[in-house]
Structures are given as C-alpha cells and as structure tokens.
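> sequence-free structure coming up:
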C-alpha cells in the first residue's frame with residue numbers, strides 16, 4: 001500500500017544531506033512552508049543552496065535558516081526588502097553567495113528542470129550583468145540569452161489538502177512556486193492542513209499529482225492577518 005504520510009516534519013527531513021540544493025516554495029510570506037523550514041533548521045544540514053523567490057522575512061522560516069548559518073548560496077529574484085535584515089547582513093559580510101535571477105526566468109528555469117528541458121533562450125536579462133558568461137543568440141530579430149534549468153535535491157512546499165498518495169491541492173496565492181518545484185526536485189516534501197481519504201479530492205482540482213511528491217506532513221493552520229499573510233514583527237531597534 002502506498003502511504004506517503006510522515007508523522008512529523010522532523011521525520012520527513014531526517015535524511016537531508018549537507019550541501020543539498022533545497023527549493024522552498026512561497027511568494028513573500030504567502031505559501032511559505034515554515035514548519036518544514038524550521039524542521040530543516042533543527043535537522044542541522046549545512047552548506048545548503050536555497051532556491052526561493054525571496055531571501056527571508058523577519059526572523060522566522062527561511063530568514064531563520066539564513067541566520068543559523070546553514071546556507072552557502074541563495075538563488076532568488078527579490079533578496080532585499082524592509083525585513084530581510086539577515087540576508088543583508090550575511091551578504092554584506094561575504095558569508096552568503098547570491099545568484100540573482102529575474103522572477104520569470106526563475107519560474108521558467110525551475111519548470112524546465114521538471115519538464116526535462118535542457119535550456120531555453122529569453123530576452124530577459126540580455127545586455128545586463130545577469131547575462132555575463134552566458135551564450136547569446138539573435139532570434140527573430142531579438143538578442144536572447146541561454147538560461148539553464150535549476151534542479152534540486154529537495155523541495156519544501158506548502159499545500160492545502162493532500163492524500164496518502166501525495167496528490168495535492170492549494171489555497172489561492174499559496175500555490176505560487178509549489179507545483180513547479182515539486183516537479184524539479186528529487187524529493188518533494190509537502191505540508192498540508194488536511195489529509196483526506198483517497199478519492200476525496202476532485203481529480204480536476206488536483207494541481208500536483210502524487211507522482212511528484214514523496215512525503216506529506218500534516219501541520220496545524222497558523223492564524224494570519226489581513227490578506228492571508230502572517231504578521232512579521234518589526235526589526236528590533238539597534239543600540240546607538
């Protein structure tokens with residue numbers, strides 16, 4: 001019998017190796033699998049390469065992983081914002097490598113990995129620092145840059161409902177990068193708020209089929225503020 005349900009986030013992440021490339025779903029604070037990220041911190045894997053749209057918010061989730069010194073490199077499209085102080089501190093100190101990728105390119109590079117595409121040409125980034133060292137071609141009168149797929153050892157994503165086969169549905173904007181990250185990783189761990197019986201999910205509503213998911217963990221729903229975003233505390237004032 002196929003049963004991909006794990007009892008706890010810690011059990012689902014017990015075998016993460018040092019040096020792994022880890023995709024973490026989320027767009028800002030929407031759809032971040034914070035329980036899984038916290039379990040990764042407790043697990044202790046280090047020298048990680050993280051793929052995410054952002055570079056952490058406040059002092060929790062991905063930001064806490066950065067603060068713990070577990071990340072060697074981050075691949076993202078929007079690293080700096082008002083509450084990304086851990087990224088800012090580590091990057092300025094030369095303790096964190098950054099690969100900056102335009103958001104559309106980031107999504108397509110992840111999707112390409114899951115779809116088995118060896119690379120693709122895009123005009124986005126041509127003529128900028130982001131295109132340095134990359135092949136360029138003139139296609140239909142436009143210069144384009146060759147972008148490579150991004151593969152991962154592990155994807156941590158947040159879904160709404162799932163079954164023991166790993167079929168997943170999502171809630172509104174929490175969906176974001178989850179479906180393509182699940183396709184691009186060797187092992188996908190999904191947190192869900194509800195585990196349902198086989199057949200309870202409408203097949204037409206399943207966004208991520210279980211073939212792309214290896215582990216499912218049920219987590220409690222955390223109350224969020226207006227718009228579905230978890231509240232982020234202000235950065236503590238610095239001493240003069």
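Everything's here; your move. Fair warning: this is a prediction, and the values are worked out from it, not measured in the lab.
> show me where pLDDT drops low in this structure?
Judged against pLDDT under 70, the low-scoring parts of the chain cover residues 223-240.
> Quick one: the strands in the chain, in order.
In the chain, the strands defined using DSSP state E lie at 5-6, 21-24, 48-51, 71-76, 97-100, 120-122, 136-139, 142-147, 152-158, 161-162, 168-169, 185-192, 194-195, 215-218.
> Put together a markdown table for those strands, with mean neighbour count and distance to residue 89 on each row.
C-beta coordinates here come from the backbone N, C-alpha and C atoms, glycine included. Compiled in a markdown table, those are given as follows (neighbours: other C-beta atoms under 10 Å; distance: least, C-beta to C-beta, whole Å):
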| stretch | mean neighbour count | distance to residue 89 |
| --- | --- | --- |
| strand 5-6 | 16 | 34 |
| strand 21-24 | 26 | 20 |
| strand 48-51 | 23 | 16 |
| strand 71-76 | 20 | 13 |
| strand 97-100 | 14 | 13 |
| strand 120-122 | 17 | 32 |
| strand 136-139 | 11 | 35 |
| strand 142-147 | 17 | 30 |
| strand 152-158 | 27 | 23 |
| strand 161-162 | 23 | 36 |
| strand 168-169 | 24 | 35 |
| strand 185-192 | 24 | 28 |
| strand 194-195 | 14 | 38 |
| strand 215-218 | 22 | 31 |
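> Tabulate the ones you listed in CSV, adding columns for distance to residue 90.
As requested, the strands of the chain are exported to CSV (distance: least, C-beta to C-beta, whole Å):
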stretch, distance to residue 90
strand 5-6, 31
strand 21-24, 16
strand 48-51, 12
strand 71-76, 8
strand 97-100, 10
strand 120-122, 29
strand 136-139, 32
strand 142-147, 26
strand 152-158, 20
strand 161-162, 34
strand 168-169, 32
strand 185-192, 24
strand 194-195, 36
strand 215-218, 28
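> Determine which of those strands approaches residue 207 most closely.
strand 168-169 (6.0 Å; C-beta to C-beta).
> Output the contacting helices and strands for that closest one.
In terms of contacts (3 or more C-beta pairs under 8 Å, 6 or more residues apart in numbering; DSSP states H and E), strand 168-169 is packed against strand 161-162.
> Name the residues of the lengthiest helix in the chain that are buried.
In the chain, assigned by DSSP state H, the helix with the most residues is helix 103-115. Along helix 103-115, the positions that meet the burial threshold by neighbour count (16 or more other C-beta atoms under 10 Å) are 105, 106, 107, 108, 109, 110, 111, 112, 113, 114.
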